[in-house]
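Novice: Kindly generate the corresponding structure for this input.
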Amino acid sequence: MGARAAAVEATRARILEAAAALWMQRWYDDVTLQHIADEAGVSVQTIVNHFDGKDGLADAVADWLASQTAVARQAPTGDVQAIVTALFEDYERHGDANVLWIAQADRVPAITRAVAHARSQHRAWLEQVFADRLPARGPAREHALALLYAATDVYLWKLWRCDLGMSREDAERAMRDLLTSIDPHKRNHE
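Specialist: Model (predicted):
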């Protein structure tokens, strides 16, 4: 990579990091391109040149965060303790921001896209880390994935850690207990 290309990439990374940091703490509408430019040490025009504006930047931030999440959530298939630990590492870092973004998804198209992508990514992650427990394709698999999704959703983390004030250790134990109680092969005939 040439010096110019490296400088362009470094600028792009600074902009992404600045925007992500601001949007993880504040409402989308409360963060202007000028705020991001000031934080990144660039001009607003530089942001526009790289991302075509605020929505394009939001899409790029969502992709960037999704790639970081994929790396952070690596856990061996079937190891519930490692799965919960990886998930809590991510939620402890980004859980509040996830909840903030979800709260805005109904009114900000860029965030709607980001949340939809994050949900799809979470489901794919569940299929990967619980591959050894999931039934073959079909209704039983979909039911099992719905249960696993609910048991690992960021809102459950928020409920336990933020709303109820549980310690991380207790919340992780509760999630492990919940996950191990889900038997995807058991059929409910009621």
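
Novice: The most centrally placed residue in the chain - nearest residue in space that isn't next to it in sequence?
Specialist: Taking C-alpha atoms, centre = their mean, the centroid of the chain lies closest to residue 118, which sits 5.4 Å from it. Nearest residue to residue 118, sequence neighbours excluded (C-beta to C-beta, 6 or more residues apart in numbering): residue 66, at 6.6 Å. Where you see a C-beta, it was placed from the backbone N, CA and C, and this is true even at glycine.

Novice: Correct me if wrong: that neighbour contacts residue 120.
Specialist: No: Residue 66 lies out of contact with residue 120 (C-beta atoms under 8 Å); the separation is 9.6 Å.

Novice: Low-confidence regions, this structure specifically.
Specialist: Scanning the chain for pLDDT under 70 picks out the ranges 1, 185-190.

Novice: can you list the residues that contact the longest helix along it?
Specialist: For the chain, the longest helix by residue count, based on DSSP state H, is helix 80-104. With contact meaning C-beta atoms under 8 Å, 6 or more residues apart in numbering, helix 80-104 is reached by 23-25, 27-28, 65, 69, 72-76, 111, 114-115, 118, 129-130, 152, 154-155, 157-158, 161-162, 168, 171-172, 175-176, 179-180.

Novice: Got a quick ChimeraX command for the buried subset of the residues you listed?
Specialist: Entered in ChimeraX, the line below selects the buried ones among these, by 16 or more other C-beta atoms under 10 Å:
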select :23,24,28,65,69,73,75,111,114,115,118,129,130,152,154,157,158,161,171,172,175,176,179
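
Novice: hang on, the earlier thing: and the residue nearest to the centre of the chain, what is it in contact with?
Specialist: 62, 66, 69, 98.

Novice: Also residue 168?
Specialist: Contacts of residue 168 (C-beta under 8 Å, 6+ apart): 88, 92, 161.

Novice: That'll do, ta.
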